[in-house]
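How does the following fold in three dimensions:
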Amino acid sequence: MPERPGKFQLAQASGEEHAAGPQAAGAPAGGAHATQGHAEHKTQVGDVPDPNLLFANACVTAAIMVIFAIAATRKMQRIPRARSLQNLAEFIVEAMVNFARGIIGPGGEKYVPLVGTLFFFVYLNNLIGLIPGFHSPSANLSINLAIGLTVFLYVQYVGIRNRGLVGYVKHFCGPMPALAPLMLPIELISELVKPFTLAMRLFGNIFGEDTVIIVLALLGISLIPVAPVVPVQFPILVLGLLTTFVQALVFTLLTCIYISLQSHHEEHGHEDHVSEEGHAPAAAH
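Okay, here's the model as predicted:
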């Protein structure tokens, strides 16, 4: 028995399978059986889905949004019919405009293209996982991080455009120059972690929800001999219709808050300018 590994290594190195004896012939069979057993183990409950599959599902949700936009604007009318895609699209746009104005403030409607696209893309990504045969692209951290980085870069662009490069850097230093050495690293760290917090929050909620649904579905399958029809996962599916919407709403809400923090300087400047113009005529009068 101690000579068995040596004979197997020698047979593998020289390529002479017959020179190693009958004991070495049994070793590759055991190795092949182990390899076959490893190949049979493909996926288990709780495994991260294939990123390529999730990316394909994300492309499906993007295609749905594009097709809906094209169909809703194909034959636009001044007064749309009550049951038409144009009427539905106008309702959605009006709702997103009111939402952006309520969070960002006056002028928030100019951010609706980004905010509305983010909301419906994240919402459809969450919702598609409830359909049998599909997986939520939001259950992949890479996809969520890509969305979070998009928001992060756009927010920095808004800050530089509204404050200027010098003002953008100064707002990281705090209200007093003496506090700059303390405030600068804190503000930079809090700003850099924003895309990661957006991605991790969405990933954790959606991946956990999908895992619970899969576990309950398998539990229902195991109960088929006892009770032929036991949709154990049905309550979670109904709850998922709410949680998918809430997670998309939270993601969009945080995006609007980040944009509002960067455009706050612009709004104050506009208010100060209006107040100065209002006092000047009064003084002249």
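
Please count neighbours and contacts with C-alpha atoms only from this point.
Fine.

Now do the SS call for M200.
Following DSSP: H, G, I helix; E, B strand; the rest coil, the label given to M200 is helix.

count of residues packed around T73?
Per other Cα atoms under 10 Å, the neighbour tally for T73 reads 13.

what about it, distance to R81?
From T73 over to R81 the distance is 13 Å, taken as Cα to Cα, to the nearest Å.

Please, which helix or strand holds F172?
Following DSSP states H and E, one finds F172 outside all helices and strands.

That one touches L182, doesn't it?
No. Using Cα atoms under 8 Å, F172 is not in contact with L182; the gap is 10.2 Å.

more crowded one of these two?
A direct count of neighbours by other Cα under 10 Å for F172 and L182 places F172 higher, at 16 against 12.

Run a quick neighbour tally on I236.
If you count neighbours by other Cα under 10 Å, I236 ends up with 17.

secondary structure class for it?
Of the three states, I236 takes helix according to three-state DSSP.

and if you look at R83?
Secondary structure assignment for R83 (three-state DSSP): coil.

ok, it to R74 distance?
Using Cα to Cα, R83 is found at 15 Å from R74.

now swap in C173 and tell me
50 Å.

cool, and A146?
A146 is 31 Å from R74, where distance means Cα to Cα.

Compare these two and say which is more crowded by neighbours.
A146 (14 against 11).

In which helix or strand does that one reside?
Assigned by DSSP H and E, A146 falls in helix 141-170.

Tell me which other helices or strands that helix touches.
Counting contacts by 3 or more Cα pairs under 8 Å, 6 or more residues apart in numbering; DSSP states H and E, helix 141-170 is packed against helix 194-222, helix 234-284.

try it again with 10 Å
helix 51-72, helix 112-127, helix 180-192, helix 194-222, helix 234-284 (3 or more Cα pairs under 10 Å, 6 or more residues apart in numbering; DSSP states H and E).

Same list, those, but as CSV with distance to R163 and mean pLDDT please.
Below are the helices and strands packed on helix 141-170 laid out as CSV (distance: least, Cα to Cα, whole Å; pLDDT from 0 to 100):
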stretch, distance to R163, mean pLDDT
helix 51-72, 33, 88
helix 112-127, 20, 93
helix 180-192, 16, 87
helix 194-222, 20, 84
helix 234-284, 7, 70
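
Make JSON lines out of the ones you listed and add distance to S142.
Below are the helices and strands packed on helix 141-170 laid out as JSON lines (distance: least, Cα to Cα, whole Å):
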{"stretch": "helix 51-72", "distance to S142": "8"}
{"stretch": "helix 112-127", "distance to S142": "13"}
{"stretch": "helix 180-192", "distance to S142": "17"}
{"stretch": "helix 194-222", "distance to S142": "8"}
{"stretch": "helix 234-284", "distance to S142": "16"}
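
Mean neighbour count, these: which tops it?
Sort those by mean neighbour count, taking mean count of other Cα atoms under 10 Å, and helix 112-127 sits at the top with a mean of 21.

got the buried residues for stretch 75-89?
85-87, 89 (16 or more other Cα atoms under 10 Å).

Now intersect the residues you listed with the strands, please.
Members of these lying in strands (criterion: DSSP state E): none.

nearest to T61, of these?
T61 lies nearest to A89 out of those, by Cα to Cα, at 16.8 Å.

My read is that the closest one contacts R74, right?
No. Between A89 and R74 there is no contact, the gap being 11.8 Å when judged by Cα atoms under 10 Å.

Determine the residues that are contacts of both of the two.
Shared contacts of A89 and R74 (Cα atoms under 10 Å, 6 or more residues apart in numbering): F68.
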